[in-house]
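*Asks:* Here is the input, now give the coordinates:
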Amino acid sequence: MDRLLLYHALLFGACGYALARGKTDARIVAVVFLVGNFATSALRTHGAGPYSSVEMSIFAIDILALAGFTYAALISDRFWPLWVAGLQLTTSMGHMVKAVHSDLLPLAYAAALRFWAYPILIILLVGTWRSRQRALKESRSTAPI
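*Replies:* Have a look, this model is predicted:
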């Protein structure tokens, strides 16, 4: 349960901060992440064998998230959105691995899909904070004396 509390604190903290203080790229990443998170929760298989085969609905969500993160990276003048898109690509590749190796343990498949959410949220939080600090510094340096 502690892991779930930590995840939700990081989710709402990072995405909330990005929506409140971030530039367009950060807001896109936050919205895509939030929508993908809730869509995944709603569509995840809860039967006797979750992650025993390729989760096609989650795969579709992950591909759409990859497209959204890639769009944010393409319009951004910062480097951090590229990291987010790259980590999402790694997540999406977990589905391909399961499709090729159907004997992959369900726990390993689930871990491959879930693990990268934490670094993505941390990158979003740090990237938004650094972008905000840079903007504040630039506004102070251009202010008339």
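
*Asks:* helices and strands around whatever helix or strand residue 137 lives in, which ones?
*Replies:* Using DSSP states H and E, the element containing residue 137 is helix 117-141. With contacts defined as 3 or more Cβ pairs under 8 Å, 6 or more residues apart in numbering; DSSP states H and E, helix 117-141 has these neighbours: helix 2-21, helix 24-43, helix 80-100. C-betas here are computed from N, CA, C, even on glycine.

*Asks:* I'd like the ones you listed laid out as a markdown table, including distance to residue 133, mean neighbour count and mean pLDDT.
*Replies:* Converted to a markdown table, the helices and strands packed on helix 117-141 look like this (distance: least, Cβ to Cβ, whole Å; neighbours: other Cβ atoms under 10 Å; pLDDT from 0 to 100):
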| stretch | distance to residue 133 | mean neighbour count | mean pLDDT |
| --- | --- | --- | --- |
| helix 2-21 | 10 | 14 | 95 |
| helix 24-43 | 13 | 18 | 96 |
| helix 80-100 | 13 | 18 | 94 |
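
*Asks:* okay if I get the ones you listed as TSV plus distance to residue 129?
*Replies:* Formatted as TSV, these follow (distance: least, Cβ to Cβ, whole Å):
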stretch	distance to residue 129
helix 2-21	7
helix 24-43	10
helix 80-100	10
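
*Asks:* To residue 68, which of those helices lies closest?
*Replies:* Proximity to residue 68 (Cβ to Cβ) singles out helix 24-43 among the helices and strands packed on helix 117-141, at 3.6 Å.

*Asks:* Hey, what's the angle from that closest one to helix 2-21? Just curious.
*Replies:* For helix 24-43 against helix 2-21, the angle by axes from the mean of the first three to the mean of the last three Cα atoms, to 10 degrees is 140 degrees.
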